[in-house]
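Novice: Predicted coordinates and the sequence they were generated for:
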Amino acid sequence: MTILNFKKTFSNAQHMNPIRANGYGDADFTVAKAQVKYETKAGTQEFPTKDVYYRTDNGQPIAIHGKRYKAVQYPDMIDKTRDMLERSDLNCADIKESIQVSPNGGMCAVKYTLPATSFKTPDGDTISATVLIINSFTGVWSFDMSIGGEQSACLNGQVFVSNLANKYKSRHTNQLNIDAGIRMLAKTANILENEIELWHSMYSKEVGRIDTARAFTLAANYTGDINELLQDIVEYGKPVNVKNKALSHLYDVYNNRYRPNFGANQWAVYNAITDWSTHAPSKSKNLITLEKRRTEQATTAIREWLKVA
């Protein structure tokens, strides 16, 4: 098993300063709040328990929230993450920063990929550590920060299943502490080592048709007849009579890519699920929300399947 050495022998300032110079992209704005008002025949009325949050650059309203709502400004969130990455034991050489913002600015996802902080999977591929921060002003998303990984061969987004400490999540209330989420980065070394140990054990554990079907039905949220699905698998090796796009994708990549390469084991099943959550086609126009939903769905399914949550 690959053992990581995170003893810091480098400076990250030279790697993070170019990232800072790029600015904030589409996230380069702040929001402010104002009392909700409305017009009646009696004149202008105020809604005392609600505020409207609007962009200060163009005045566009984004959402209405109660008085307990606590906004996290995108530039502040990005600055604090960059600062912590620079001070961390993670090697930020060749770091990549991706900033995605929804059309009206209501949702934002920022992903950092760290090629120099990498490790080997059981099959010999290389996984780069990733840090993902998700935030919104709409109330659709909580503030969410998670540590993960990205495979170089297939670009699957790896979900971490052995340690719930890889995620900080909080609603936008007075309980939200962005600094607590940022400090989670200091635990990255232990989180990565625990996950690598689990992945290597998965590679050595064989799975049969029933166990594989159980994993895939959890990932696909399939609630149909499991016996009908198993009959398809026995006869055809994939769903035929059972119509489910997620199941079809899972069995397709498992049978044609991961099982031939890795064998019929938990690692192959795991990779089929992360392939689906990362690459499966979708008609959704909101790719940020889609990726977030699928990643959470895949993580929950794998944890339930392995019973490590």
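Specialist: Looks like it came in fine.
Novice: from here on, contacts and neighbour counts on C-alpha atoms
Specialist: Will do.
Novice: So residue 135 belongs to a strand, correct?
Specialist: Yes - per DSSP: H, G, I helix; E, B strand; the rest coil, residue 135 lies within a strand segment.
Novice: mind checking how far the spatially closest residue to it that is not a sequence neighbour is from residue 14?
Specialist: In space, residue 135 comes closest to residue 143 once its chain neighbours are excluded; the distance is 4.7 Å by CA to CA, 6 or more residues apart in numbering. For residue 143, the distance to residue 14 equals 29 Å [CA to CA, to the nearest Å].
Novice: Those two: which is more packed in?
Specialist: residue 143 (23 against 12; other CA atoms under 10 Å).
Novice: if I pick that one, what's in contact with it?
Specialist: By CA atoms under 8 Å, 6 or more residues apart in numbering, the contact set of residue 143 is 133-136, 169-172, 176.
Novice: Include distance to residue 89 and pLDDT when you put the residues you listed into TSV, please.
Specialist: Shown next, in TSV, are the contacts of residue 143 (distance: CA to CA, whole Å; pLDDT from 0 to 100):
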residue	distance to residue 89	pLDDT
133	19	89
134	22	88
135	25	91
136	29	92
169	23	73
170	25	77
171	28	77
172	29	79
176	25	71
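Novice: Can you check those and name whichever has the most neighbours?
Specialist: Highest neighbour count within those, by other CA under 10 Å: residue 135, with 27 neighbours.
Novice: tell me which of the contacts of residue 143 is nearest to residue 207?
Specialist: residue 169 (33.2 Å; CA to CA).
Novice: Looks like that closest one contacts residue 134 (just checking).
Specialist: No - contact between residue 169 and residue 134 fails when scored by CA atoms under 8 Å: they sit 9.4 Å apart.
Novice: Need the residues touching each of these two.
Specialist: Common neighbours of residue 169 and residue 134 (CA under 8 Å, 6+ apart) are 142-145.
Novice: Relative to residue 96, which of the residues you listed is nearest.
Specialist: Closest to residue 96, out of all of the shared contacts of residue 169 and residue 134 and judged by CA to CA, is residue 145, at 16.7 Å.
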